[in-house]
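Chemist: Sequence first, predicted coordinates after that:
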Amino acid sequence: MTAAAQQDVAARHVVVIPTRFPAPRAWWALFLLALCLLALFLISVAVLFARGPGVWGNNIPVAWGFPISNYIWWLGIGHAGTLISAMLLLVGQQWRNSLNRFAEAMTLFAVMCAGLYPILHLGRPWRFYWMAPYPSTMGVWPQFKSPLTWDFFAVLTYLIVSILFWYIGIIPDLAAARDRAKRRRWQIFFGLGALGWRGSAQHWHRWRQSYGLTAAIAVPLVVSVHSEISLLMAAGPVPGWVSTVFPPYFVLGAAFSGFAVVSMLTVWLRAMLRLGTLVTPRHLNMLGILLLATGLMTAYGYLAEVFTAAWAGGREAETMWDRFAGPYAWSYWGAVILNFVPLQALWWKRVRLSPIPLFLIGLSVAIGMWLERYMLLVSSLYRDWLESSQGLFRATFWDWSLYAGTLGLFLTCFLLFIRFLPVISAFEVREAAQEGGDG
Amino acid sequence: MAEPYALLAEFDSPERLMDAARRLREQGWRRLEAFTPFPVEGLDRLLGFTDDKVARAMLIGGAAGAVLGFLMQVGTNLDYPLWVGGRPLIAVPAFMLICFEMLVLGAVLSGIGTLFVANRLPRLNHPVFAADRFDLSADDRFFLAILADADFDRDDAGKALAALGPRAIIEVSA
């Protein structure tokens, strides 16, 4: 059998994975772990609601603390799914067909975790709808010149667009799963999800238009969303944040952290669901290259940041030195080392092709980027222009438990996704194989 | 017998389907449709599906979204003026980001909305689902259909399809 024919067979098998799940024990073990973390999430939120944000380490001057740095971290991870799916579709990189479905699912769940953070951080989360412009009896409107309002619109748009893009992408595979399912309850489940898709030429014609155009618009959307987040910081006069490098630095860092998580998920799913025919060493290689490239671009952001601070002098330079050697130096050097040192191994093809090293490098980058978000936020806020606005930030137990809880929320959603839905875009793989593409 | 909806011919590769569709078009058949497990390049043009409703809806939706987004920001600022540091009330550059987000939202909602409306989805029951072997259309079979209309002649259509050498010919009643 040729490689294309093998891929075709494997892709046809993907849609029946949920009905004949190959690794039920491993799945249950992970799912129980995820549920424990999810319970921790619910407890942390309940404690927060009962006792208020005082349970966290947040205080003046570091009023943002964990919720906002984790928000940036989660959202950044989400962006990689859209980039893999939309950007690589537009430039005709057909190998993305094996990765886009679960990368987009990762996007959805990461954006969900991200979106919860600012709401929980409000203090009065039940009033989050005040961010929306609706005619209220108070007669006031949101401040449209504030990055906070921009952010609300950006993240909401991003969430809606990601859900729709993912959903129209999965409909044809749900239809295939519906037609292949033997048991009644699976037929009903997939049948409802597929909305009666029947693969007619006219349907495909319009589907292609909307899929391609949504992809084209999703790429600038990603850039706008994370640029806006960087403006939350860069638009104010806080030392260490006022820099024009921030928007691209944030977008690239987001892509970097996201590709790291995609690499981890790829290695994991490939082993657990035995997807070796569809997710080949070539995919690992490409992910390694993407990770290395975005990593080097992020490293450039670090250099540019140091350069601007040194060039500006004054308080900017003081903040820079403080990051190098102050109380939060561990987060700066932790970020630099975890982000860029193991990454260099990816220059060797042999490393890029080995799943376990790739997974470990991805993990190192995910942690490194978390440290970076933390460092950027805390090391600037804790030491402002005024003596009165200085004070160290220390995370509390509830800070950490909520963070672990969001990991549980993500993992629970992702495990449900791989258990019940086609994890790879089967029809796109088959189309590429049919057209003699290199899959 | 029930009213016919269409006559289906089953093929086992997209090339054979394309070839068959081309021959039917040459013979003058116009009410054709195909059912395939994945999009087949060029098939839509061959069958005469060239509408660009989705693209047009995205253009209009995007423009409407951007304009409404801008007007919303102007309107709310005029309705409740917040004078801060002598900065202009209508600060166009500051409004552009939300304009862009609303452009994206308008384009995507109207484009995907049009996809569903124009394709008449969701529709969980459809005559073709009752046809034998149609469940293979999402797997590895490619179906070409001659749709029935008022002066549909079952025998003519059957002969035309049989001449294409399909694996099977399946009748679909409405």
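Modeler: Happy to help now that I have it. Here the structure is a predicted model, which means the values were calculated and not measured. Residues are numbered from 1 along each chain as shown, chains lettered A, B, ... in the order given.
Chemist: What strand or helix carries A:Ala254?
Modeler: Per DSSP states H and E, A:Ala254 falls inside helix A:246-272.
Chemist: Same check on A:Thr412?
Modeler: Counting by DSSP H and E, A:Thr412 is found in helix A:397-420.
Chemist: can you list the residues that contact the next helix-or-strand element following that helix?
Modeler: Scanning forward in sequence from helix A:397-420 by DSSP H and E, the next helix or strand is helix A:426-434. Under the criterion C-beta atoms under 8 Å, 6 or more residues apart in numbering or on different chains, residues A:4-5, A:7-8, A:10-12, A:14-15, A:94, A:97-98, A:100, A:172-173, A:176, A:278, A:437-439, B:14, B:37-40 lie in contact with helix A:426-434. Yep, even glycine has a C-beta here, placed from its N, CA and C like the rest.
Chemist: Tell me the buried residues within these.
Modeler: Neighbour counting with 16 or more other C-beta atoms under 10 Å in any protein chain shown marks A:4, A:7-8, A:10-12, A:14-15, A:94, A:97-98, A:100, A:172-173, A:176, A:278, A:437, A:439, B:14, B:37-40 as buried within the contacts of helix A:426-434.
Chemist: I'd like the average pLDDT over the helix or strand B:Tyr5 falls within.
Modeler: Using DSSP H and E, B:Tyr5 sits within strand B:4-11. Mean per-residue pLDDT for strand B:4-11: 90.
Chemist: which strands and helices sit next to it?
Modeler: In terms of contacts (3 or more C-beta pairs under 8 Å, 6 or more residues apart in numbering or on different chains; DSSP states H and E), strand B:4-11 is packed against helix B:14-26, strand B:142-147, helix B:154-162, strand B:168-173.
Chemist: what's the residue nearest to the spatial centre of chain B in contact with, if anything?
Modeler: Closest to where the C-alpha atoms of chain B average out (C-alpha atoms, centre = their mean) is B:Asn119, at 4.8 Å. The contact partners of B:Asn119, taken as C-beta under 8 Å, 6+ apart, are A:Gln202, A:His203, A:Arg206, A:Trp207.
Chemist: and the nearest residue to A:Leu88 once chain neighbours are set aside, how many residues sit next to it?
Modeler: Closest residue in space to A:Leu88, ignoring its immediate chain neighbours: A:Arg96 at 3.7 Å, by C-beta to C-beta, 6 or more residues apart in numbering or on different chains. Residues contacting A:Arg96 under the criterion other C-beta atoms under 10 Å in any protein chain shown number 22.
Chemist: Let me know whether B:Arg154 touches B:Pro4 as I believe.
Modeler: Yes. Using C-beta atoms under 8 Å, B:Arg154 is in contact with B:Pro4, at 6.2 Å.
Chemist: Overlap of the contact sets of the two?
Modeler: Common neighbours of B:Arg154 and B:Pro4, using C-beta under 8 Å, 6+ apart, are B:Glu171.
Chemist: Give me the more crowded residue out of these two.
Modeler: B:Pro4 (18 against 13).
Chemist: How about the contacts made by the more buried one?
Modeler: B:Ala148, B:Phe152, B:Arg154, B:Glu171, B:Val172, B:Ser173, B:Ala174.
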